[in-house]
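Visitor: using only what follows, build the 3D model:
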Amino acid sequence: MATLDSGSSTPKTPRQHSPSLSVNPTPCEIEFRGVGFSIATKDGSRLPILYNVTGFCGSCRLTACMGASGAGKSTLLKILACNISGGDLQGEILVNGSLVNPKEFRKQSAVVWQSDVLLATATVKEALMTSALLKLPQSMPHAKKEERVEQILSELELQHCKHTLIGEDVDGAVSGISGGERRRVSVGIGLVTDAHSIFLDEPTTGLDSDSAEALISLLSHLAVVKRRTIMCTIHQPSSDICENFDNLILLSCGRLLYCGAWSQADAYFEAAGFARPGYRSTAEHLLTVCKDKEHAVPRLALDYEQLAAARALEGKRSSAAPLQAAPSEVRLQAVASTSGQGSGAPRADAAGGAHGGGGGGGGASRHVSFTGDTVLHVRAPRGHMSGGLDAPEPVTGRKGSFAAAAAFVLPPPEEPDAEVATSHFYQVKVLSARFLRSWWRSPVNLVVQGAQYLFFAFLIGATYWRLNSELVAGTFDRVASLWFVASCLVLQPGNNACSIMYGQKPLLRRELSNGLYHYSSFFVAKSLTSLPFQAMFAALFNTAVYFLVGYQMVATKFVVFFALMFLMLLISETLGILCAGFHRTELVGLIILSVFYLPLLMFTGFIQTHTPVYFAWIKHVSYVAYGYSGLVKNEFGGLRLLGARDVPVPNASSLIPVNIENGLSITNDALVMLGILIGMRLIVYFQMLFAIRHHWL
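Guide: Numbering: from 1, shown residues only. So this is what the prediction gives:
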């Protein structure tokens with residue numbers, strides 16, 4: 001007769017790997033009961049994603065969560081990793097038999113998502129080292145952190161490429177490591193804190209068969225030998241990959257069909273009437289059974305729910321003891337079991353020893369008592385979620401988040417004020433060093449941006465080469481050339497900053513979610529490190545265009561010209577970052593940015609001679625208008641122009657068009673622009689903070 005076991009038998013010995021880490025985390029048993037999850041639809045109804053899912057993830061085990069696309073695998077993984085937001089959640093979750101603080105759980109666990117989000121310009125070691133510097137306590141000596149990173153590199157077999165740039169995964173702009181190595185780097189980033197639990201979403205996606213099998217074998221090694229609880233979702237594994245699995249969670253249409261030892265899955269489904277043909281692997285057979293959504297899925301799901309209910313009535317761990325009858329007979333009889341039978345239902349050893357089911361390496365692991373009643377309750381969703389056990393008694397809590405009776409609330413995974421291990425100053429220091437490395441290791445970007453500014457400088461210089469002193473032509477050409485000069489430092493910095501910010505947002509989202517640093521630290525570090533490079537671009541453009549066009553050759557005039565242009569560049573950069581925060585799509589952000597450009601450039605006083613009263617306010621808030629007016633006044637002040645018969649014009653400032661003159665001094669123009677810069681920086685900061693809190697980033 002088939003049995004449904006918790007994977008209590010001693011796990012298989014994985015292939016040999018590099019020397020082990022110096023420390024091993026405390027084993028972590030995760031149990032979930034009656035978990036359901038639903039989201040709201042546009043018509044106001046609820047769309048169930050998970051129905052009454054009950055099961056476990058054993059310590060020192062590699063648990064595979066398998067099922068077809070849309071089965072709910074990733075949703076269950078997020079729930080167990082305390083990384084879910086939005087929707088309505090119900091059920092109970094226990095970790096080592098007692099309630100844990102989800103913030104603390106996230107600190108001591110690691111999540112590796114399906115897409116690897118890594119900094120292309122960092123080396124493998126630098127990526128791990130940055131994570132170690134920000135995640136490990138600041139009081140921990142730097143040498144200890146580096147030692148931890150070296151151990152992880154050895155453990156994950158990354159020593160050979162530790163000084164290689166990670167590179168781009170998509171367009172290959174920066175060549176780097178392979179896909180399998182990228183995935184191992186992602187795992188290593190989670191291991192710097194010695195995580196007791198690792199959750200991986202489709203870790204084999206995008207990898208060839210050899211890389212995929214090597215990665216899963218490595219995960220099996222980390223689970224068994226390093227005493228970690230590892231759960232991964234997987235779609236359709238090969239037979240070689242399946243040999244590394246200890247436990248299996250099988251989902252279909254949001255319902256749980258099986259949770260137990262991988263080695264007993266064939267016997268369980270054969271007893272249920274779904275024998276595996278000899279020409280199919282276990283994984284292929286199980287996924288084929290999952291396709292029968294009209295007959296097999298409802299029947300198997302109900303069988304498992306009845307089994308879980310029977311076990312719950314006995315106060316035992318869900319599905320922990322062997323089935324004494326075929327699954328279809330569970331409806332008719334209760335499950336007989338004996339307390340302490342197998343490590344699937346572990347209980348504390350009175351002598352404090354560690355015996356039985358943890359199994360790896362030396363065949364021993366610490367037993368954990370599941371006899372306690374302290375659990376993590378989550379409130380039931382609106383509406384009925386059919387199928388199986390009744391939902392647990394709901395308690396008050398935040399919508400879409402865990403909540404416990406003991407005034408406990410799970411904050412969203414991207415909560416910006418989450419606790420981090422280091423101070424703001426230390427975070428700014430580490431992030432600034434990373435930003436500077438990224439700038440210098442992107443020579444193509446530096447060269448392209450520099451060439452862009454030089455091209456426009458030479459284009460304007462060639463068009464207005466050596467301005468003459470004739471009254472009419474000299475006046476118009478100066479006003480026109482200054483408008484084009486100002487336009488270049490409005491359009492280019494904004495576009496570049498918007499695109500760069502979109503490139504940084506995925507990594508920012510991921511690292512904020514993992515609690516590496518505060519957003520304020522990122523904002524300050526980004527602002528400080530961009531200044532020298534923006535100053536370099538401004539110097540290239542301003543110097544070239546100033547002397548090519550032939551503005552007044554007076555040192556003070558050039559300094560004022562540079563200062564006004566640099567302020568415009570910084571404000572334009574800030575505007576680009578602001579538009580990047582309005583939407584997750586880069587194209588939409590650039591379109592919004594272009595909408596700002598037109599009125600800013602139109603109402604400077606150069607294009608039109610009269611501003612309609614209903615547009616007059618634009619000129620008063622436009623930094624371009626203040627900057628352009630200051631540039632014109634700076635150039636015409638003390639300028640010598642020649643009228644008819646080469647008669648000098650005594651006061652060239654009187655020739656400034658009325659619509660350009662704003663009545664302010666050049667100093668006041670600069671101060672207004674400085675105020676606009678500070679104000680816009682604050683707006684950007686709070687806008688991004690709002691976007692992070694509401695998951696718009």
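
Visitor: doesn't L697 make contact with M688?
Guide: Yes. Counting by CB atoms under 8 Å, M688 sits close enough to L697 to count as a contact (6.8 Å). Any C-beta I mention is one placed from the backbone N, CA and C, and that applies to glycine too.

Visitor: what's the overlap in contacts for the two?
Guide: Residues touching both M688 and L697 by CB atoms under 8 Å, 6 or more residues apart in numbering: G581.

Visitor: buried residues, stretch 525-541. List them.
Guide: A525, K526, S527, T529, S530, F533, Q534, F537, A538, L540, F541 (16 or more other CB atoms under 10 Å).

Visitor: quick one: contacts for the last one?
Guide: Translated: F541. Shown in contact with F541 (CB under 8 Å, 6+ apart): Y453, L454, F456, A457, C488, L489, M565.

Visitor: nearest to T475, of the buried residues of stretch 525-541?
Guide: Closest approach to T475 among the buried residues of stretch 525-541 (CB to CB): F541, at 23.8 Å.

Visitor: helix or strand: which one has the closest one?
Guide: Using DSSP states H and E, F541 maps to helix 519-549.

Visitor: now the element after that helix, going C-ward?
Guide: Assigned by DSSP H and E, the successor of helix 519-549 is helix 555-580.

Visitor: distance between that following helix and the chain's centre?
Guide: Taking the mean of its C-alpha atoms, helix 555-580 sits 31 Å from the chain's own mean (CA atoms, centre = their mean, to the nearest Å).

Visitor: so M231 lies in a strand, does it not?
Guide: Yes. Counting by DSSP: H, G, I helix; E, B strand; the rest coil, M231 is located in a strand.

Visitor: skipping adjacent residues, who's closest to it in space?
Guide: T63 (4.6 Å; CB to CB, 6 or more residues apart in numbering).

Visitor: just the element for the one you found, please.
Guide: Using DSSP H and E, T63 falls in strand 62-66.

Visitor: quick check: neighbours of that strand in the sheet, parallel or antiparallel?
Guide: With DSSP bridges as the test, strand 62-66 is paired with strand 229-234 (parallel), strand 247-252 (parallel).

Visitor: care to break this protein down by domain?
Guide: Split into domains by automatic domain parsing, the chain comes to 30-108+197-206+227-409, 424-693.

Visitor: most packed of those domains?
Guide: Each of those was assessed for mean neighbour count using mean count of other CB atoms under 10 Å. The highest is domain 30-108+197-206+227-409, with a mean of 19.

Visitor: which residues sit against the strand holding T63?
Guide: Looking at strand 62-66 with CB under 8 Å, 6+ apart, the contacting residues turn out to be 7, 11, 57, 73, 76-77, 216, 219-220, 223-224, 229-235, 237, 242, 244-251, 262, 283, 286-287.

Visitor: ditto for stretch 487-494
Guide: Residues contacting stretch 487-494 (CB under 8 Å, 6+ apart): 449, 452-453, 456-457, 460, 534, 537-538, 541, 565, 568-570, 572-573, 575-576, 579, 593, 596-597, 600-601, 624.

Visitor: equivalent analysis for stretch 228-235, please.
Guide: With CB under 8 Å, 6+ apart, stretch 228-235 has contacts from 25, 27-30, 57-69, 73-74, 77, 80, 195-205, 216, 219, 222-223, 241, 249.

Visitor: so which of these belong to helices?
Guide: K73, S74, L77, L80, I216, L219, L222, A223, I241 (DSSP state H).

Visitor: just the residues you listed now: which is nearest L671?
Guide: Checking the ones in helices among the contacts of stretch 228-235 one by one against L671 (CB to CB), the nearest turns out to be S74, at 52.7 Å.

Visitor: so the closest one touches D201, yeah?
Guide: Yes. At 5.4 Å, S74 counts as touching D201 under the criterion of CB under 8 Å.

Visitor: overlap of the contact sets of the two?
Guide: Taking CB under 8 Å, 6+ apart as the contact rule, S74 and D201 both touch Q114, T233.

Visitor: can you tell me the SS state at the residue nearest to the spatial centre of the chain?
Guide: In the chain, the residue lying closest to the centroid (CA atoms, centre = their mean) is R510, at 1.9 Å. For R510, the assignment made with three-state DSSP gives helix.

Visitor: pretty sure it is touching V117, no?
Guide: Yes. With contact defined as CB under 8 Å, R510 counts as touching V117 (4.5 Å).

Visitor: list the buried residues for stretch 131-151?
Guide: Result for stretch 131-151 [16+ other CB under 10 Å]: buried residues S131, A132, L133, L134, K135, L136, K145, R148, V149, Q151.

Visitor: pull up the distance across stretch 656-664, start to finish.
Guide: 13 Å (CA to CA, to the nearest Å).

Visitor: returning to that earlier point: H518: which of the buried residues of stretch 131-151 is nearest?
Guide: L134 (10.4 Å).

Visitor: quick check: F606 vs R182, distance?
Guide: Going from F606 to R182 by CB to CB, to the nearest Å gives 51 Å.

Visitor: what's the answer for M501, then?
Guide: Distance from M501 to R182, by CB to CB: 23 Å.

Visitor: do Y304 as well
Guide: Taking CB to CB, one finds Y304 at 36 Å from R182.

Visitor: for S263, same thing?
Guide: 31 Å.

Visitor: where in the chain is pLDDT low?
Guide: 1-25, 100-101, 169-174, 314-420, 644-645, 647 (pLDDT under 70).

Visitor: nearest spatial neighbour of G180, skipping sequence neighbours?
Guide: S211 (3.3 Å).

Visitor: and for the one you found, the neighbour number?
Guide: 17 (other CB atoms under 10 Å).

Visitor: please identify which helix or strand holds it.
Guide: With DSSP H and E as the criterion, the answer for S211 is helix 209-224.

Visitor: list the buried residues in that helix.
Guide: Neighbour-count burial for helix 209-224 [16+ other CB under 10 Å]: 211-224.

Visitor: would you map the strands across the protein?
Guide: Using DSSP state E, the strands of the chain run over 30-40, 46-57, 62-66, 88-95, 109-112, 197-201, 229-234, 247-252, 255-261, 376-378, 403-404, 408-409, 641-642, 648-649.

Visitor: restricting to C-alpha, output the second one in CSV.
Guide: The reference is to strand 46-57. Output in CSV follows, covering the C-alpha atoms of strand 46-57 (Å, rounded to 0.1, in the frame of the first residue of the first chain):
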residue,chain,number,x,y,z
ARG,A,46,-12.2,37.8,-6.3
LEU,A,47,-9.9,35.6,-8.4
PRO,A,48,-8.6,32.7,-6.3
ILE,A,49,-5.0,31.7,-6.9
LEU,A,50,-4.5,29.2,-4.1
TYR,A,51,-7.2,27.0,-2.5
ASN,A,52,-6.7,25.6,1.0
VAL,A,53,-3.1,24.5,0.6
THR,A,54,-1.7,22.5,3.4
GLY,A,55,1.8,21.1,3.5
PHE,A,56,5.4,21.6,4.7
CYS,A,57,9.0,22.2,3.7
